[in-house]
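Student: starting from these lines, generate the structure:
(4 chains)
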There are 2 protein chains.
Amino acid sequence: MKITPTSLPVAPESEPEPGQSRYGWLAAGMRSRIVQGEWPPGEPIPPEALLAKTHGVALGTIRQALALLVAEGLLERQHGKGTYVKAGLGGASMMRFFRFRHGSEDQPVPQSRILRVKRRLADADESDALGLPTGGSVLQVERMRSLHGRPCLLEHLVLGLPRFDALAESNPKDWDDLLYPMYQRVCGVVILRAQDELSFELLNSADARRLELDTAHPCVRVQRKAFDMSNQCVELRTTLGDAFAFQYTAQVR
Amino acid sequence: MKITPTSLPVAPESEPEPGQSRYGWLAAGMRSRIVQGEWPPGEPIPPEALLAKTHGVALGTIRQALALLVAEGLLERQHGKGTYVKAGLGGASMMRFFRFRHGSEDQPVPQSRILRVKRRLADADESDALGLPTGGSVLQVERMRSLHGRPCLLEHLVLGLPRFDALAESNPKDWDDLLYPMYQRVCGVVILRAQDELSFELLNSADARRLELDTAHPCVRVQRKAFDMSNQCVELRTTLGDAFAFQYTAQVR
DNA sequence: CAGTGGTCTAGACCACCGC
DNA sequence: CGGTGGTCTAGACCACTGG
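Tutor: Residues are numbered from 1 along each chain as shown, chains lettered A, B, ... in the order given. Next up, the predicted model:
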């Protein structure tokens, strides 16, 4: 007696879990293909019609799945052209919020110099934010970002360590100026969303010296949590910079 | 002699402009019914099936229109129950646009005192931003916002004038602490989105005096453009506040 | 022009809610 | 149970893009 008498070319393991909508299942599959790099960032994915046929599903269903991924920020659709994998939150697009009034130039990517890299145990707040087990460890990074040879931003990073091992074992001299694309290339971590908290304070003497500013100079502190595709926070970042060279834009809904 | 011999309850002027999708048109109509109060906040709107029938359109089309309004935050759908007009559209939910955090955790609504209201011609930038004809006029408002009797925010507003005539003719003494709900009630203007630009500077003596701070005290400047349902900018707002009492949270995508 | 996504239809069946 | 929104189908035609 045949248990599965179907002779149709059904893809293996293509059983939507009960309680899971079909388009949700399809979206999950495509999400995974994006994460695994099978559909690389910036490249178009197969057209709707093909996807519908290969998955044995109606057009509308595929479109619902695609709509999900568009809402998540993974895909971008262009009428008449195709559906493209988003190039992620590139470091450059994150930096668009900072503007430094040196000369009248338009925000080139600041150069980066790694000051310190250290492996250490995570404290309670970090374990909580990064979803690490108690006793988990992190990679702590300090770096200075400069424009035209002048220091402008002092950054302090904390990265969860099972995930960023590949980075921890590499040479900081080889790191890129833009970290987020490097996270993706080296560790397969795609940053899709971030939450910034801005506040204002006066520089202490140590930070002031490194930024070549006076002690008690006004500065901006941006505390960022960066999230990956599964909405897990994977990076804690604190950035200090001259308040008078600062500008920030935000959408409110 | 009857001019409209039709016996069907067809809505007048129901011609989707060319270049406008049908569901976009339907959404506009329903949006207007919400704004006009025909579908009051917190109440359910007619079921999809009925809407589809009365508009002589397929179910899927109505659903697309509803999805638009849900995305705009005007509607809320509940499986098995109905589709509801979001409550608090005219309430404290507008506080989500108020992004400052002052020291303590909670966020009471600051009291508002109108300092000055003036009708004047718009300059070039304002005409451009607010979509006014050349030579158009605006309503300029200055107000102080206070928490627990202490001045904390100095605001400077510019409102396009054909649109806000009703406000211009009312008594500023009667204005609410929260302006956006009042815009809706008095002028039928619903603010759905805003864009903030933050920068830091030092207070001039006049502003410092009004904020009860020292001249050259560090302060934050938030320049906001607020947009209505048709994505037209209808308010320009500049807010000044003590930098040390400042905190701001933003999502980055 | 061919290929893509965008709109729209007219149904069907399922899942949830409250009575 | 009846009524609601949620999912899905199998088409059709339109609008945009590029060669």
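Student: for the stretch 1-150 of chain A, which segments count as helices?
Tutor: Secondary structure of the stretch 1-150 of chain A (DSSP state H, counting those that start in this stretch): helices at A:22-35, A:48-54, A:59-71, A:91-95, A:124-130.
Student: what mean pLDDT does the second one get?
Tutor: Yep, that's helix A:48-54 we're talking about. For helix A:48-54, mean pLDDT is 96.
Student: got the contact list for that helix?
Tutor: For helix A:48-54, the surrounding residues in contact (CB atoms under 8 Å, 6 or more residues apart in numbering or on different chains) are A:45-46, A:58-59, A:61-63, A:66, A:83. Any C-beta I mention is one placed from the backbone N, CA and C, and that applies to glycine too.
Student: name the member of the residues you listed with the most neighbours.
Tutor: Ranked by the number of neighbours (other CB atoms under 10 Å in any protein chain shown), the contacts of helix A:48-54 place A:I62 first, at 25 neighbours.
Student: distance of it from DNA strand C?
Tutor: Look at A:I62 and DNA strand C: by CB to the nearest atom of the strand, to the nearest Å, they are 9 Å apart.
Student: same question, A:G29
Tutor: 16 Å.
Student: before we move on, what's the pLDDT of that residue?
Tutor: Reading off the per-residue confidence, A:G29 sits at a pLDDT of 93.
Student: any idea how far whatever residue of the stretch 101-250 of chain A ends up closest to DNA strand C lies from A:S230?
Tutor: Taking CB to the nearest atom of the strand as the measure, the point where the stretch 101-250 of chain A comes nearest DNA strand C is A:L192, at 20.2 Å. Distance of A:L192 to A:S230, computed by CB to CB, to the nearest Å: 9 Å.
Student: surely A:P108 meets A:L147?
Tutor: Yes. Under the contact definition of CB atoms under 8 Å, A:P108 touches A:L147, with a separation of 6.9 Å.
Student: more neighbours: these two, which one.
Tutor: For A:P108 against A:L147, the residue with the higher neighbour count under other CB under 10 Å is A:L147, and the figures read 19 against 13.
Student: neighbour-wise, which of A:L192 and A:S230 wins?
Tutor: With other CB under 10 Å as the criterion, A:L192 and A:S230 differ in neighbour count, and A:L192 comes out ahead with 19 against 11.
Student: and A:K2, what's its pLDDT?
Tutor: With respect to pLDDT, A:K2 scores 34.
Student: list the contacts of the residue nearest to A:R237 when sequence neighbours are not counted.
Tutor: Nearest non-adjacent residue to A:R237, counting by CB to CB, 6 or more residues apart in numbering or on different chains: A:R224, 4.3 Å away. Applying CB under 8 Å, 6+ apart to A:R224 gives the contacts A:194-197, A:235-239, B:252.
Student: got the residues of the stretch 51-200 of chain A near DNA strand C?
Tutor: Proximity of the stretch 51-200 of chain A to DNA strand C (CB under 7 Å from any atom of the strand) is limited to residues A:59-60, A:63, A:77-83.
Student: residue numbers of chain A in contact with chain B?
Tutor: Proximity of chain A to chain B is confined to A:60, A:73, A:89, A:94, A:97, A:192-201, A:218, A:220, A:224, A:243-244, A:246-253 under the rule CB under 8 Å from any CB of the partner chain.
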